[in-house]
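Peer 1: I would like the atomic coordinates for the input below:
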Amino acid sequence: MNYPRFLAFWGFLLLALLTSIGLPLILPQGLRSQPAAKFVLLSLDGATPHLVEEFIAQGILPADRGLGWLQQQGVSAQQFTVATPSLTAPSHIAIATGATAVQNNITANRFHLLGTPFEQTISGFAAPIGGHYLSGQEATAPTVTPLWVTLRQAGKQVVAATFPGADGAEIIEPTQKTVLQSAEVRTVDYTVPFGRGLGSATGFSLTRRDFVSAGTEVVEQLRQAGWRSLSPVLQNRMPLEELTVEEQIYSIQVAAIDTTDNSLEDYDTLVIFDSTHGISQGPFQLPATGPAYLQVNQPSQPVYLEGSPSRAGTRFFVSTFASDLSTVRLLRYAVNAIPRNAAVLADVDDINEHVGFWPPQPDFRLVQRLSPGLDSFSDQELETAYLDQVQTFVDYQTQVALRAIQQNPDADLILTYLVQPDGAGHQFLLTDPRQATNPRDATTILSGQDPAKIQRYQTYLQLAYQAADAAVQRLIAAIGTDRTGQLNRNLIVTSDHGFAPFHTAVDIEQLLKAKGLERDRVRAIPSGSAVNIYINLQGREPDGIVSRSEYVQIQQQIIETLAAAVDQNANYTRGDRRPIFNQIYPRPVPDDWNSPEFGRSTTAWIGQDSGDVFALLQTGYNFDGVQRPPVSRLGDPIANEPILSIPSFYGTHGYDATSPEMQGIFYAAGPQIGQGNIAKLRSIDIAPTLLRELAIDPNPNLQGQPIDLSKP
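Peer 2: I've put the predicted structure just below:
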């Protein structure tokens, strides 16, 4: 008798019997096997720990779903320190590389690449990860390696759904047109880039005089599409707009119909369509959508721009609609598309064809009245439109993540990202009595604040957190749980930074100009509350004009200018004389001024492409949000070009990441994750932790340390 086969046969029958009657099989420790670790990592942009905890405690976020459920089921970081500066691009690349912003060379959301023309800038989301050669060539030995590169080299499957850095893009030096980073470094097994804008939003105000009787063709098209108007169909006298996108011209038309059966001329629906395609009846195959049918304060509706090379689209929203058409106000949101990066075109098309075109994301230009055509809109109308964008865009990004999971069920790591609650934090974090509730009125601070607006903005912020939390729950449901309630794969939900309210906008260009620092010699590139200040050095920038001896003098002048900048207005300093800058870091100057390292030296705070001076503001101050023309603060001397002024929005980040307001969230649960609290964790610890959990030897360039998530 073949005893091994005999024993294996009866062992198999015993296993089947125990399984069929629901009894657990207890194996000796040495014979137990753990399922291969698989992870989903979701970044909620700007999610702030104290707000999450406050909203869960108040019942605004449910304790048994989403973030609350993760908090109960798994591990939470009591202190999660993000990258400095605490900005979106640096923090996400720190998560992906396990290295600081200085080490990974993504030093801000926008900065200057040394060795390129002085006026040229680059987005931190589209810059070479790990640096580049100043000659304009790709680095053969980059300072860091994204974890997805390491994982794929080890045979692991990685998915990225709109996660910064993993976009399949080839990074090109704009002047020489050389490759600074190949698409291969930024491509994973299923790669969906974040969308891009192709045209800004605009508002339209119409009256009854703008409408005439519709032609028979439009009436017949509506009938064939299944729409019947109980009052005569009306159409705009002139096109709503001639919209040009990628050299394609779309003549946008609007018709008004009455669907209310009340024997009154009572219009309630607008139909938006392109005159070239008319009111087609469908069915429509994504990304196509056909016409948009709009009613007041209902969710915005998509309009795909047929024939656009990038497969672009937009959405329309009606904020005011009088039934007699005496007052009609509607918004056409920004035009957007997913970049059609050659390396990931199949994945982009998969999303376009199964989720739809990239929709407009929450647009600060609406709330801040920076888009055209908004003069007649009330604040509440624009705020309602912004919240509509929050809901529709979070839903879209969540659908992208779910599609990525569905298409790649066996992926070892899935990276995904949501822009909320960051956008709402910027617009609605109105929590400091020194913030002007009316950005155009300096007297609306302190006792002059509008309590109704403060309450309204608090509600809006809560709605954004609820939308993000609902997305977390949808991911939990998609991952699924076993019979014990344990997630089928590990889920980490983190954020790239926290948020702080600010009351004062700082015009860094005016500050430097006031001290005689000329723009052709010194250039400041701010991001949030961080700034890189560059000197146009001869021999480093191709158009450099500053000698090495001048460089030393100018750098010292910049340092002294920033250090001397103070706020003496008691309305904003609470009676103290307060420095505006918190940290100032200069690029080191070699002892030998003839050294080839002159203008290239680095430190723990100055990376290859950092400014020659890098600085961080104090909380309460921000570089963004300067209004044009600027609005002087209450109690400041009147000036045509003030350095300090009232900002156009309310919340920001980018400060020193060790400050309590900039802390991020970290929650995790799943088969390989225990329960409890981790006292301290950093964004740079995530990559080494994931590599260890996925049984991959860490890259030597990692600066973070792996954390044992099974034993918090």
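Peer 1: Show me the helices in the stretch 51-200 of the chain, by range?
Peer 2: Ranges of helices within the stretch 51-200 of the chain are 66-73, 88-97, 101-104, 147-153, based on DSSP state H, counting those that start in this stretch.
Peer 1: Please apply the same query to the stretch 251-400 of the chain.
Peer 2: Secondary structure of the stretch 251-400 of the chain (DSSP H, counting those that start in this stretch): helices at 345-354, 364-367, 379-407.
Peer 1: just the stretch 501-650 of the chain next, same as before
Peer 2: Going by DSSP H, counting those that start in this stretch, the stretch 501-650 of the chain shows helices at 508-514, 548-564, 570-573.
Peer 1: Please list all residues in contact with the residue nearest the centre of the chain.
Peer 2: Centroid-nearest residue in the chain: Val419, 3.7 Å away (criterion: CA atoms, centre = their mean). Counting by CB atoms under 8 Å, 6 or more residues apart in numbering, Val419 makes contact with 45, 361-362, 393-394, 397. C-beta: built from backbone N, CA, C; applies to glycine.
Peer 1: what does Gln380 give?
Peer 2: Arg456.
Peer 1: Same list (the helices of the stretch 51-200 of the chain) but as a markdown table, adding distance to Val218 and mean neighbour count.
Peer 2: Listed next are these as a markdown table, based on distance: least, CB to CB, whole Å; neighbours: other CB atoms under 10 Å:
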| stretch | distance to Val218 | mean neighbour count |
| --- | --- | --- |
| helix 66-73 | 45 | 21 |
| helix 88-97 | 45 | 30 |
| helix 101-104 | 55 | 27 |
| helix 147-153 | 51 | 22 |
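Peer 1: Kindly reformat the ones you listed as CSV containing mean pLDDT and distance to Asn640.
Peer 2: Below are the helices of the stretch 51-200 of the chain laid out as CSV (pLDDT from 0 to 100; distance: least, CB to CB, whole Å):
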stretch, mean pLDDT, distance to Asn640
helix 66-73, 96, 47
helix 88-97, 98, 33
helix 101-104, 96, 36
helix 147-153, 96, 50
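Peer 1: among those helices, which is nearest Ile171?
Peer 2: Closest to Ile171 of the helices of the stretch 51-200 of the chain is helix 88-97 (CB to CB; 12.9 Å).
Peer 1: now the closest one: how far from the chain's centre is it?
Peer 2: Distance, stretch centre to chain centre, for helix 88-97: 12 Å (CA atoms, centre = their mean, to the nearest Å).
Peer 1: just checking, what packs against that helix?
Peer 2: Judged by 3 or more CB pairs under 8 Å, 6 or more residues apart in numbering; DSSP states H and E, helix 88-97 is in contact with strand 39-44, helix 101-104, helix 147-153, helix 686-693.
Peer 1: Show me what the longest one is packed against.
Peer 2: Spelled out, it's helix 686-693. Applying 3+ CB pairs under 8 Å, 6+ apart, one finds that helix 686-693 contacts strand 39-44, helix 88-97, helix 147-153, strand 490-494.
Peer 1: before we move on, back to that, in JSON lines, list the helices of the stretch 501-650 of the chain along with mean pLDDT, distance to Ser326 and mean neighbour count.
Peer 2: Converted to JSON lines, the helices of the stretch 501-650 of the chain look like this (pLDDT from 0 to 100; distance: least, CB to CB, whole Å; neighbours: other CB atoms under 10 Å):
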{"stretch": "helix 508-514", "mean pLDDT": "97", "distance to Ser326": "46", "mean neighbour count": "18"}
{"stretch": "helix 548-564", "mean pLDDT": "98", "distance to Ser326": "55", "mean neighbour count": "17"}
{"stretch": "helix 570-573", "mean pLDDT": "96", "distance to Ser326": "44", "mean neighbour count": "17"}
